[in-house]
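Participant: based on what follows, work out the 3D shape:
(one chain, ligands or ions: 1)
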Amino acid sequence: MTWVCSEPSCQFYNVNTMQIRPRRNRKSETIRALIRENKVSVSDFIFPLFLIEGKQSKSEVTSMPGIFRYSADLILKEIESCMKLGIFNFCVFPSLPDKRKDKIASESLNKNGVYLKTLRQIKKQFPEITLMTDVAMDPYSSDGHDGLVQNGRIVNDPTLKILSRMAVAQAECGADIIGPSDMMDGRVGVIRNALDKAGFEEVSIMSYTAKYASAFYGPFRDALDSAPKFGDKKTYQMDPANAKEALREAKLDSEEGADFLMVKPAMAYLDVIKSLNENTTLPVAAYNVSGEYAMVKAAGAKGWIDEKKVRDEILLSIKRAGAKIILTYFAKEFALDQN
Ligand code: PBG
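Facilitator: Numbers count the residues shown, from 1 in each chain. Reported below is the predicted structural model:
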């Protein structure tokens, strides 16, 4: 039987002799697997973990179901259980009580404080893992800002000194990758210098290169109780309207000695991931942030989406856009589903 196409455009194209049929490459799962261009692997992940003071203490972040803040003893257990699933890269953030916070983030240098102490324990117990740390003032700042506040403004250059000391203190505890998430100008270069001067040439820097002033960080700020006490972060984090500016940041970070460039958030910034991947020679990471996680969890809990399929599709899209590395709260559950 001859099928006659009624579309006017078919007049010029005889479907009966159509030679090019993309569907042939989709005809079976094995063929689809052969031509598949991208794959998400557990080894692509860095799993963010939240650390709190105390012992035997674990509390779920309300806006991030399945994600907990752990005391040091339990974070060690959590890392061990993730390693069994093939996750070997972790980024640890401290969640501190208000009494530890001040204007200059002093607690970030406290060798006996929960953060630095636990970093040492983690690296001692699990030397084979990649331990990434966070450099920014907000978890320790009574102002809730990533930089130093003077007369209501976030001052750049005085912040750099604080950040570079913080980075060296973390390197002393065994950090493998330092993650400056503050968006101050010049911080990658200053941190690189400080690390090298202190003998930490081998410690890497994963710069939060294109970190946008995003509403997607809401649940993370709940987790750390780190929301700004006044104003917003728009004088240092990037305007979501801008793409070209990300290339400018990427050029600077590359010149200042970054080893990896990160885009954050991920889902709403896939174009930026792609642009950085195509225009730089450094590996690109993307941070699939708290709000992105929360949205999937919330819609999943309501039965409005197939949570796992949506999760996998999002992670794949981040890879496809050009990220080699993904920081994601989904790391453990994705790994669990692989086993
Ligand atoms: C702050 C920091 C933030 C995140 C990582 N480091 C939040 C912010 O800038 O306010 C967000 C991560 C997430 O939302 O998952 N230095």
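
Participant: show the contacting residues for D146.
Facilitator: 136-138, 154, 159, 181-184, 233, 236 (C-beta atoms under 8 Å, 6 or more residues apart in numbering). Every residue, glycine included, has its C-beta placed from N, CA and C.

Participant: A strand includes it, no?
Facilitator: No. D146 is assigned coil when assessed by DSSP: H, G, I helix; E, B strand; the rest coil, not a strand.

Participant: spell out the residue ranges of the helices in the stretch 1-150 of the chain.
Facilitator: 29-35, 72-84, 114-125 (DSSP state H, counting those that start in this stretch).

Participant: circling back to that earlier point, which two in the contacts of D146 are spaced the farthest apart?
Facilitator: Maximum pairwise distance among the contacts of D146 (C-beta to C-beta): 14.0 Å, between I154 and S181.

Participant: within range of the ligand, give me the residues from the stretch 151-300 of the chain.
Facilitator: Residues of the stretch 151-300 of the chain that fall close to the ligand, judged by C-beta under 6 Å from any ligand atom: 181, 217, 220-221, 233, 289-290.

Participant: give me the subset of the residues you listed lying in strands.
Facilitator: Judged by DSSP state E, those include no members of strands.

Participant: the residue nearest to P97 when sequence neighbours are not counted and G174, how far apart?
Facilitator: Take P97 and drop its neighbours on the chain: the residue closest to it by C-beta to C-beta, 6 or more residues apart in numbering is E53, 6.9 Å away. Note on E53: its distance to G174, by C-beta to C-beta, to the nearest Å, is 20 Å.

Participant: one more: L327?
Facilitator: Counting by C-beta to C-beta - L327 and G174 are separated by 19 Å.

Participant: and for M64?
Facilitator: 27 Å.

Participant: any low-confidence regions in this protein?
Facilitator: Low-confidence segments of the chain, defined by pLDDT under 70: 1-6, 8-13, 15.

Participant: re the thing from before, can you tell me which two in the residues of the stretch 151-300 of the chain next to the ligand are farthest apart?
Facilitator: K233 and S290 (14.8 Å).

Participant: show me where the stretch 101-250 of the chain has strands.
Facilitator: 130-135, 148-150, 153-155, 177-180, 204-211 (DSSP state E, counting those that start in this stretch).

Participant: tabulate these (JSON lines), appending distance to V284.
Facilitator: Listed next are the strands of the stretch 101-250 of the chain as JSON lines, based on distance: least, C-beta to C-beta, whole Å:
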{"stretch": "strand 130-135", "distance to V284": "15"}
{"stretch": "strand 148-150", "distance to V284": "29"}
{"stretch": "strand 153-155", "distance to V284": "27"}
{"stretch": "strand 177-180", "distance to V284": "14"}
{"stretch": "strand 204-211", "distance to V284": "9"}
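
Participant: which of those sits closest to A335?
Facilitator: strand 130-135 (15.3 Å).

Participant: could you check the angle the helix ranked longest in the chain makes with strand 130-135?
Facilitator: Longest helix of the chain, by residue count under DSSP state H: helix 156-172. Put simply, helix 156-172 runs at 150 degrees to strand 130-135, going by axes from the mean of the first three to the mean of the last three C-alpha atoms, to 10 degrees.

Participant: any chance of a markdown table for the contacts of D146, columns distance to C91 and neighbour count?
Facilitator: Formatted as a markdown table, the contacts of D146 follow (distance: C-beta to C-beta, whole Å; neighbours: other C-beta atoms under 10 Å):
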| residue | distance to C91 | neighbour count |
| --- | --- | --- |
| A136 | 12 | 28 |
| M137 | 17 | 27 |
| D138 | 15 | 23 |
| I154 | 23 | 22 |
| T159 | 21 | 27 |
| S181 | 10 | 20 |
| D182 | 15 | 26 |
| M183 | 17 | 25 |
| M184 | 19 | 24 |
| K233 | 19 | 22 |
| Y236 | 20 | 19 |
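
Participant: sort out which residues of the helix or strand where K319 lies are buried, please.
Facilitator: Following DSSP states H and E, one finds K319 within helix 307-321. Residues of helix 307-321 classed as buried under the neighbour-count rule (16 or more other C-beta atoms under 10 Å) are 307, 311, 314-315, 317-319, 321.
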